[in-house]
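S.K.: sequence below, structure please.
(chains A and B)
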Amino acid sequence: MAKSPILEIKDLHAKAGGKEILRGINLTLYPGEVHAIMGPNGSGKSTLAQVIAGRDLYDVTKGEIVYEGKDLLELDPEERAQEGVFLAFQYPVEIPGVSNLYFLKAALNAIRKKKGEPEVDAMEFFNLVRQKMGVMEMDEALLNRAVNTGFSGGEKKRNEIFQMAVLEPRLALLDETDSGLDIDALKIVSSGVNALRSPDRAILVITHYQRLLNHIVPDYVHVLADGRIVKSGGKELALELEESGYAGIEELAETAR
Amino acid sequence: MPTEVHSIESLANQEYKWGFVTEIEADTVPAGLNEDIIRLISERKNEPQFMLDWRLKAYRQWLTMKEPTWANVHYPPIDYQKIIYYAAPKTKIDRPKSLDEVDPELLKTYEKLGIPLHERELLAGVAVDAVFDSVSVATTFKEKLGELGIIFCSFSEAVQEHPELVKKYLGSVVPHSDNFFAALNSAVFSDGSFCYIPKGVRCPMELSTYFRINAKDTGQFERTLIIADQGAYVSYLEGCTAPMRDTNQLHAAVVELVALDNATIKYSTVQNWYPGDKEGKGGIYNFVTKRGKCLGVNSKISWTQVETGSAITWKYPGCILMGDNSVGEFYSVALTNNYQQADTGTKMIHIGKNTRSTIVSKGISAGHGQNTYRGAVKILKGATGARNYSQCDSMLLGDKCGAHTFPYLEVKNTSSSIEHEASTSKIGEDQIFYCRQRGIPIEDAVNMIVNGFCKEVFRELPMEFAVEAQKLLGVSLEGSVG
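M.R.: Numbers count the residues shown, from 1 in each chain, chains lettered A, B, ... in the order given. Modelled structure (predicted):
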């Protein structure tokens, strides 16, 4: 029996402040797949992630996003998250005074509530966290600090993937998770993501650079330019891009207009 | 407009849950104020001459004073002749001797408010004095406290039973002439709480006063006096509510704290007077003078307040740091929603050597709320080695509210040090989105962010009350989003 897709994006158009940023995106992710989206700055990569997550800074003007057979655009951001959509932020947000653990427990329980599962108590939660912490080489001290407050860039990114490990989404969107990481941090974060690859999860990796894809090897690579996917291929496409740069791609986008 | 911002602006639809009226017959004096009314109040309370003299002195002083206008609050002139200055629930006996003699309607009211008066129902560790309109109706745990020599009773009772203490300390921190509202209070105050902790005694439970305004058109003028003798410790909490009325009601209280050598007083307030409706109609004018005197060496007075109610709050709990090495603290959360106005802060006056003070103020403005921090730090000539640290943070929810900060500094000793930090932030659309993206509903997200913002203050509250304060904050922000 053919598997049904986790995510289907059809002819998606989106605007911000009157400017059209996404201009007809088509993309389908099946369970177990890792897709990478590459593209120059301003091509709409982050916008795509934010639109899927439900950020209301963007207006969807045309097209649809179907997630597990449901119309995702009908759902509020928290409902999308509760259904299993997770966005690892490019710039994780600081919330002073709210402990990382408290925050994560509230998130986990909101998701469990939606699924009709009982809330986890402090003990169960702590055990779960302990177990996931090892994978991300998270320092226990970070758990008791306020959410992302005073974290280094690398700590913030690691915290995102750690949250993903605890919340176990069906669809994970990683928005430039490699930006601002040195090579050691990049390896830790990548191995964390690889540990989360699973036959019933789809991952969309958004990145400007090919280097992340040496560590998180995608099944498919798509090149985004000027709000459209202008080229798709296997993992070798990333290497091609690394050699030729985005210059050729922009020409491709021009001719597609 | 992003829905987060939009929904924060509608952060106004909270229902005031304590707005009911108790149908109870009241013994009142005619509206208006003159010397006869004051004599009448004093007579009703069967007061000794020194009290009447003090009241009249205050009244005469008040007549010469002008209502202050320097605060950043706006309201139509108050007609002081229209206020009823004394209202007491009618009882058959002069004063209830035990809870059994208290009107069951009254007890029901306190039950509705969640204030347990029956000792057997009491949560362990909290003794309550309840003030209904003008008089104290019941004080719990009195006997148990009495065994330790602790006096915890209504002010009226203290005047009768312990006149020497009252005479010695009444007005010793907030003189009858201190300010317009304090003078008015001194003239007409009808009841309040009195507490004395003897030498070396650590009060084993939280003491608590619960204030309720019920009668219409009355003002509430209570007075609290707490004295911690040498080496004593007490933690005290005050809570307040009032029915919903569409006219404004005046509450002008005075609180005086005295800490002798090595004594500590911790005073926490959760103020939830009726704030008025969504259009700003009605609500309590909360014009309160609170001050503590660290009279002895190594003494400490700590104020913690969570102010979520009242149409207007005008309040500056302060500390006079006289004893060497004495410590003053002020931790405050003030929330203004709808059309509420708050002008609140503290005054720290350093007189003794090596005195220290800490000020942490968190202002939250939502709806059309206006929130002002006003604080004064004075370091006098003799206060060698004095230190102050102030931190004032403001948070705005929506774009129709305001936050203002007025810190005043006066330093007359060069060996002192003062630090001041201030910040204003908007509750971030990005913070809310981050929470929602993790599955946390928008109302919970706002709550979580606001509570995080107030954390440094909440952790100063006694445990049970910290939970209460967090809930109250949640209720006050309810309907703000979604």
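S.K.: center of chain A - which residue?
M.R.: residue A:173 (1.4 Å; Cα atoms, centre = their mean).
S.K.: so residue B:153 belongs to a helix, correct?
M.R.: No: assessed with DSSP: H, G, I helix; E, B strand; the rest coil, residue B:153 is strand; it does not lie in a helix.
S.K.: quick one, helices of chain B?
M.R.: With DSSP state H as the criterion, chain B has helices at B:3-9, B:35-44, B:49-63, B:104-112, B:142-146, B:155-161, B:163-169, B:180-188, B:429-437, B:442-453, B:455-458, B:463-476.
S.K.: mind checking those helices for the one nearest to residue A:133?
M.R.: Closest to residue A:133 of these, according to Cβ to Cβ: helix B:429-437, at 20.9 Å. The C-beta positions use only the backbone N, C-alpha and C, and glycine is treated the same way.
S.K.: what's that closest one in contact with?
M.R.: Helix B:429-437 is contacted from outside by A:53-55, A:76-78, A:80-81, A:86-87, A:89, A:92-95, A:103, A:107, B:2, B:4-5, B:442, B:444-446, B:448-449, using Cβ atoms under 8 Å, 6 or more residues apart in numbering or on different chains.
S.K.: what's the neighbour count on the closest residue to chain B within chain A?
M.R.: Residue of chain A nearest chain B, by Cβ to the nearest Cβ: residue A:97 (3.0 Å). Residues lying near residue A:97 (other Cβ atoms under 10 Å in any protein chain shown) number 20.
S.K.: what's the answer for residue A:133, then?
M.R.: 17.
S.K.: that one touches residue A:159, doesn't it?
M.R.: No: counting by Cβ atoms under 8 Å, residue A:133 stays clear of residue A:159, with 10.9 Å between them.
S.K.: and the stretch 101-250 of chain A, which residues reach chain B?
M.R.: Contact residues, the stretch 101-250 of chain A versus chain B (Cβ under 8 Å from any Cβ of the partner chain): A:102-104, A:106-108, A:110-111, A:114, A:146, A:163, A:167.
S.K.: what is the nearest of those to residue B:320?
M.R.: If you rank these by distance to residue B:320 using Cβ to Cβ, residue A:146 comes first, at 35.3 Å.
S.K.: ok, now which ones touch the closest residue to that closest one other than its chain neighbours?
M.R.: Excluding its sequence neighbours, the residue lying closest to residue A:146 (Cβ to Cβ, 6 or more residues apart in numbering or on different chains) is residue A:96, at 5.2 Å. Residue A:96 makes contacts with A:146, A:149, B:452-453, as judged by Cβ under 8 Å, 6+ apart.
S.K.: rewinding a little: quick one: the helices of chain B as JSON lines, columns for mean neighbour count, distance to residue B:369 and mean pLDDT too.
M.R.: Formatted as JSON lines, these follow (neighbours: other Cβ atoms under 10 Å in any protein chain shown; distance: least, Cβ to Cβ, whole Å; pLDDT from 0 to 100):
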{"stretch": "helix B:3-9", "mean neighbour count": "19", "distance to residue B:369": "12", "mean pLDDT": "37"}
{"stretch": "helix B:35-44", "mean neighbour count": "16", "distance to residue B:369": "36", "mean pLDDT": "88"}
{"stretch": "helix B:49-63", "mean neighbour count": "17", "distance to residue B:369": "31", "mean pLDDT": "93"}
{"stretch": "helix B:104-112", "mean neighbour count": "16", "distance to residue B:369": "27", "mean pLDDT": "61"}
{"stretch": "helix B:142-146", "mean neighbour count": "14", "distance to residue B:369": "39", "mean pLDDT": "80"}
{"stretch": "helix B:155-161", "mean neighbour count": "20", "distance to residue B:369": "33", "mean pLDDT": "90"}
{"stretch": "helix B:163-169", "mean neighbour count": "15", "distance to residue B:369": "37", "mean pLDDT": "95"}
{"stretch": "helix B:180-188", "mean neighbour count": "25", "distance to residue B:369": "22", "mean pLDDT": "92"}
{"stretch": "helix B:429-437", "mean neighbour count": "23", "distance to residue B:369": "19", "mean pLDDT": "93"}
{"stretch": "helix B:442-453", "mean neighbour count": "22", "distance to residue B:369": "13", "mean pLDDT": "87"}
{"stretch": "helix B:455-458", "mean neighbour count": "19", "distance to residue B:369": "18", "mean pLDDT": "84"}
{"stretch": "helix B:463-476", "mean neighbour count": "18", "distance to residue B:369": "10", "mean pLDDT": "69"}
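S.K.: count of neighbours near residue A:17?
M.R.: By the criterion of other Cβ under 10 Å, residue A:17 has 8 neighbours.
S.K.: per-residue confidence for it?
M.R.: If you check residue A:17, the pLDDT there is 85.
S.K.: check residue B:369 too.
M.R.: pLDDT recorded at residue B:369 is 83.
S.K.: for it, grab phi and psi.
M.R.: phi -60, psi 150 (degrees, to the nearest 10).
S.K.: can you classify the residue nearest to residue A:125 when sequence neighbours are not counted by secondary structure?
M.R.: Computed as Cβ to Cβ, 6+ apart, the closest residue to residue A:125 that is not its neighbour in sequence is residue A:105, at 5.2 Å. Put simply, residue A:105 is helix when judged by three-state DSSP.
S.K.: ok, residue B:257 touching residue B:173?
M.R.: Yes: if you go by Cβ under 8 Å, residue B:257 and residue B:173 touch, sitting 6.7 Å apart.
S.K.: neighbour-wise, which of these two wins?
M.R.: Legend: neighbour count by other Cβ under 10 Å for residue B:257 and residue B:173, higher for residue B:257 (31 against 24).
S.K.: which parts of the stretch 351-482 of chain B sit against chain A?
M.R.: Counting by Cβ under 8 Å from any Cβ, the stretch 351-482 of chain B comes close to chain A at B:428, B:430-431, B:433-442, B:444, B:448-449, B:451-456.
S.K.: do that again at 7 Å, thanks
M.R.: Residues of the stretch 351-482 of chain B lying close to chain A by Cβ under 7 Å from any Cβ of the partner chain are B:428, B:430-431, B:433-434, B:436-442, B:444, B:448-449, B:452-453, B:455.
S.K.: can you check chain B too?
M.R.: B:2-3, B:428, B:430-431, B:433-434, B:436-442, B:444, B:448-449, B:452-453, B:455.
S.K.: change it to 8 Å
M.R.: Residues of chain B lying close to chain A by Cβ under 8 Å from any Cβ are B:2-4, B:428, B:430-431, B:433-442, B:444, B:448-449, B:451-456.
S.K.: and residue A:20, what are its bridge partners?
M.R.: Under DSSP bridges, the beta-bridge partners of residue A:20 are residue A:15.
S.K.: residue contacts, it?
M.R.: In this structure, residue A:20 makes contact with A:13-14, A:61, A:227, judged by Cβ under 8 Å, 6+ apart.
S.K.: kindly report the same for residue A:87.
M.R.: For residue A:87, the contact set (Cβ under 8 Å, 6+ apart) comprises A:49-50, A:52-53, A:172-173, A:175, B:437.
S.K.: what bits of the chain have low per-residue confidence?
M.R.: In the absence of a named chain, this looks at chain A. Scanning chain A for pLDDT under 70 picks out A:1-2, A:249-257.
S.K.: meant chain B, my bad for not saying
M.R.: In chain B (pLDDT under 70), the answer is B:1-27, B:88-140, B:211-219, B:240-248, B:463-465, B:468, B:472, B:474-482.
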